[in-house]
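*Asks:* No letters, just coordinates:
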């Protein structure tokens with residue numbers, strides 16, 4: 001029941017312009033059509049893809065990943081940090097997380 005990546009285009013463009021970061025705005029399967037954990041699986045797949053292809057597809061360093069999300073996307077961003085390859089001991093660990101109006105507990 002979520003939004004689309006284009007809703008965050010202004011924020012993504014501003015972030016890229018001000019920081020020089022490569023910003024990727026993925027989408028994911030929404031409830032109620034796709035039940036849990038479909039959205040989490042989709043975002044996990046995106047992160048794994050970026051770890052493998054950040055350099056060759058986007059010219060980005062996969063060892064400098066910051067993740068973010070608005071609303072439900074914030075919950076998904078936070079859940080990604082639990083992937084083994086995103087843990088602090090890994091070179092591809094998540095360096096920062098920015099959650100925007102995300103309901104987390």
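*Replies:* Cool, got the structure. All values reported here derive from a predicted model rather than from experimental measurement.

*Asks:* doesn't residue 97 fall inside a strand?
*Replies:* Yes. Per DSSP: H, G, I helix; E, B strand; the rest coil, residue 97 lies within a strand segment.

*Asks:* which residues sit in contact with it?
*Replies:* The contact partners of residue 97, by C-beta atoms under 8 Å, 6 or more residues apart in numbering, come to 66-68, 77-78, 81. Quick note: C-beta positions are derived from backbone N, CA and C, even for glycine.

*Asks:* Could you single out the nearest of those to residue 100?
*Replies:* Residue 100 has its nearest neighbour among those in residue 68, at 6.9 Å by C-beta to C-beta.

*Asks:* Next, the closest one: phi, psi?
*Replies:* Backbone torsions of residue 68, given as degrees, to the nearest 10, read phi -150, psi 160.

*Asks:* Against residue 25, how distant is it?
*Replies:* 10 Å (C-beta to C-beta, to the nearest Å).

*Asks:* could you pull out the strands for the chain?
*Replies:* With DSSP state E, the ranges of strands along the chain come out as 65-70, 94-100.
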